[in-house]
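**Q** Predicted model and sequence follow; I will ask about them next.
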Amino acid sequence: MLYVYIIIISIIIGLLRNGKLSSLSQISLKRIELIVLACLIQAGLIFLESKKVKYKAGLDDFALVLKEGTYVTHTLITEKTLFKFLADVIPLSPPFPDPSVVSVGDFLMFYGVFSLIQNAMVKKQNSEIRNQNSEEKELNPEV
């Protein structure tokens, strides 16, 4: 849900910066085949589930946990925890619309999504301004 907020905020800021919403359609995704592959794998799993095919060992407990709605997204940090600095340790308090806990990695992902949208929405405008500035410098070398 936090990504939805980041996308909405980024679009609003992009519009305030005189960016164009239509520019978002110009974003080129590299390695689109990986996205298609992930969708095909997910569709295959849904198909297998409808046929009552049993999954590999260990997934039965996971399916039971999901069915009961007791899926645990967070666990306690212990001495065995690797990469503690990436753990969800930053609380987003109730003034935030969706109180939760995030990690440094989440903020890096948020920054990436935000930057992608900003660059896409304002890219053409920025390149036009740079071109105008370089043309002015060529015409008026004293400035």
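**A** Good, I have the coordinates.

**Q** pLDDT below threshold where in the chain?
**A** 51-67, 69-75, 124-143 (pLDDT under 70).

**Q** quick one: the helices in it?
**A** Assigned by DSSP state H, the helices in the chain fall at 2-16, 32-50, 59-68, 104-139.

**Q** Now do the contacts for the nearest residue to residue 118 once chain neighbours are set aside.
**A** Among residues not flanking residue 118 along the chain, residue 14 sits closest, at 5.6 Å (Cβ to Cβ, 6 or more residues apart in numbering). Any C-beta I mention is one placed from the backbone N, CA and C, and that applies to glycine too. With contact set as Cβ atoms under 8 Å, 6 or more residues apart in numbering, residue 14 has these partners: 21, 117-118, 120-122.

**Q** The same query, at a cut-off of 6 Å, please.
**A** 117-118, 121 (Cβ atoms under 6 Å, 6 or more residues apart in numbering).

**Q** same question, residue 94
**A** So residue 94 contacts nothing (Cβ under 6 Å, 6+ apart).

**Q** and it, what are its phi and psi?
**A** phi -50, psi -30 (degrees, to the nearest 10).

**Q** quick one: it from residue 87, how far?
**A** Residue 94 sits 22 Å away from residue 87, going by Cβ to Cβ, to the nearest Å.

**Q** and if you look at residue 93?
**A** In terms of Cβ to Cβ, residue 93 sits 18 Å off from residue 87.

**Q** Who has more neighbours out of these two?
**A** residue 87 (17 against 7; other Cβ atoms under 10 Å).

**Q** how about that one, what does it touch?
**A** Counting by Cβ under 6 Å, 6+ apart, residue 87 has contacts 77, 103.

**Q** in stretch 92-112, what's buried?
**A** Of the residues in stretch 92-112, 106, 110 count as buried by neighbour count, 16 or more other Cβ atoms under 10 Å.

**Q** Could you give the number of residues near residue 36?
**A** 10.

**Q** do residue 89 as well
**A** Neighbour tally, residue 89, other Cβ under 10 Å: 13.
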